[in-house]
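# Predicted model follows, preceded by the sequence.
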Amino acid sequence: MGEKIYYDFHMHTALSPCGDVTMTPNNIVNMASILELNCIAITDHNSCGNVAACIKAAENNGLPLTIIPGMELETSEEVHVVCLFDCLEKALEFESFVKSRLPFVANKPEIFGEQQFLNEEDELTGELPGLLLVAANIDLYEAVSVVQSLGGVAIPAHIDRTSYSLFSNLGFLPSDLNINLIEISKNSDPEAFMIQHKKQFMKEVAYLQSSDAHYLENISEKERYIRVDGEPNAQNIIKALKEKR
């Protein structure tokens, strides 16, 4: 059946303007380790800028923690999609694509928050001037297609929320959207939600629950798991997510 891998596939660093300044690479990976997670994904808004630092921080601390490179993309429909990849190179390739479709709006840190690039020592290496809390010129179908062309997994985020979700903005899950997974918020009752909204699901999908952590105290505890065959590396975890039904 495969090994149980306890996960949190949705969290933000201090690069996301809504992410707290304490969400540094070392703080994140060490908190995840304290909480006994096996795997986390770094999913800042429309950017993968701090993923490498988190991977290095976990390595430098000798933690048995797999870091999945990712992003929380905002599509042209203003739907948030968690995009996960099996290696940093593919995530950065996706980031380049997103950057080419992202309108420039100057960030106002006093309003939206700082957007900090950090290294593996939690040192500030720069700040991103363009606001990340904007919709990219990428529709939902293209987003899913491009993520999958890079071997990744696209997961509509916090589908149960009243904003920036597939249900709040489209009203249903299209039958021709090529996905097998959705994300339901950490504090929701997923089975009750699936039953209550079954008419809005035009196809069968599996669900995950992640934290969408913007603060260290929001990171998931050792509660939810997937089963993974082989070593619990990024490649095998992404493969398990693709096959999850």
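Everything's here; your move.
# Isn't Ala234 up against Pro69?
Yes: using CB atoms under 8 Å, Ala234 is in contact with Pro69, at 7.3 Å. (C-beta placed from N, C-alpha, C; glycine too.)
# Just want to know which of the two has more residues nearby.
Using other CB atoms under 10 Å as the criterion, Ala234 and Pro69 rank with Pro69 on top: 27 against 22.
# excluding its backbone neighbours, what's nearest the more buried one?
Spatially, and ignoring its direct neighbours in sequence, Pro69 is nearest to Ala91 (3.5 Å; CB to CB, 6 or more residues apart in numbering).
# measure that neighbour to Glu142 for me?
Look at Ala91 and Glu142: by CB to CB, to the nearest Å, they are 17 Å apart.
# Compare those two (neighbour count), which wins?
Set Ala91 next to Glu142 and count neighbours by other CB under 10 Å: Ala91 wins out with 26 against 15.
# Is that one within a helix or a strand, and which one?
Ala91 is part of helix 88-100 when elements are defined by DSSP states H and E.
# Would you mind writing the CA trace of that helix as PDB?
The C-alpha trace of helix 88-100 is given here as PDB (Å, rounded to 0.1, in the frame of the first residue of the first chain):
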ATOM      1  CA  LEU A  88      13.200  22.800  -8.700                       C
ATOM      2  CA  GLU A  89      14.100  23.200 -12.300                       C
ATOM      3  CA  LYS A  90      10.600  22.500 -13.500                       C
ATOM      4  CA  ALA A  91       9.100  24.800 -10.900                       C
ATOM      5  CA  LEU A  92      11.400  27.600 -12.100                       C
ATOM      6  CA  GLU A  93      10.500  27.000 -15.700                       C
ATOM      7  CA  PHE A  94       6.900  27.400 -14.700                       C
ATOM      8  CA  GLU A  95       7.700  30.500 -12.800                       C
ATOM      9  CA  SER A  96       9.300  32.000 -15.900                       C
ATOM     10  CA  PHE A  97       6.100  31.300 -17.800                       C
ATOM     11  CA  VAL A  98       4.000  32.900 -15.100                       C
ATOM     12  CA  LYS A  99       6.200  36.000 -15.000                       C
ATOM     13  CA  SER A 100       5.700  36.500 -18.700                       C
END
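# rewinding a little: residues shared between the contacts of Ala234 and Pro69?
Residues touching both Ala234 and Pro69 by CB atoms under 8 Å, 6 or more residues apart in numbering: Phe85, Cys87.
# Would you mark the buried spots in the helix holding Ala91?
With burial defined by 16 or more other CB atoms under 10 Å, the residues of helix 88-100 counted as buried are Leu88, Lys90, Ala91, Leu92, Glu93, Phe94, Glu95, Phe97, Val98.
# will you turn these into TSV that also has distance to Gly62 and pLDDT?
Converted to TSV, the buried residues of helix 88-100 look like this (distance: CB to CB, whole Å; pLDDT from 0 to 100):
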residue	distance to Gly62	pLDDT
Leu88	19	98
Lys90	26	98
Ala91	23	98
Leu92	25	98
Glu93	29	98
Phe94	29	98
Glu95	28	98
Phe97	34	98
Val98	32	98
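# My guess is the residue nearest to Pro69 contacts Phe85. True?
Yes: applying CB under 8 Å, one finds Ala91 in contact with Phe85, separated by 4.2 Å.
# And the strands in the chain, which stretches?
3-8, 39-42, 66-74, 80-84, 116-118, 124-127, 153-156, 181-185, 206-210, 225-228 (DSSP state E).
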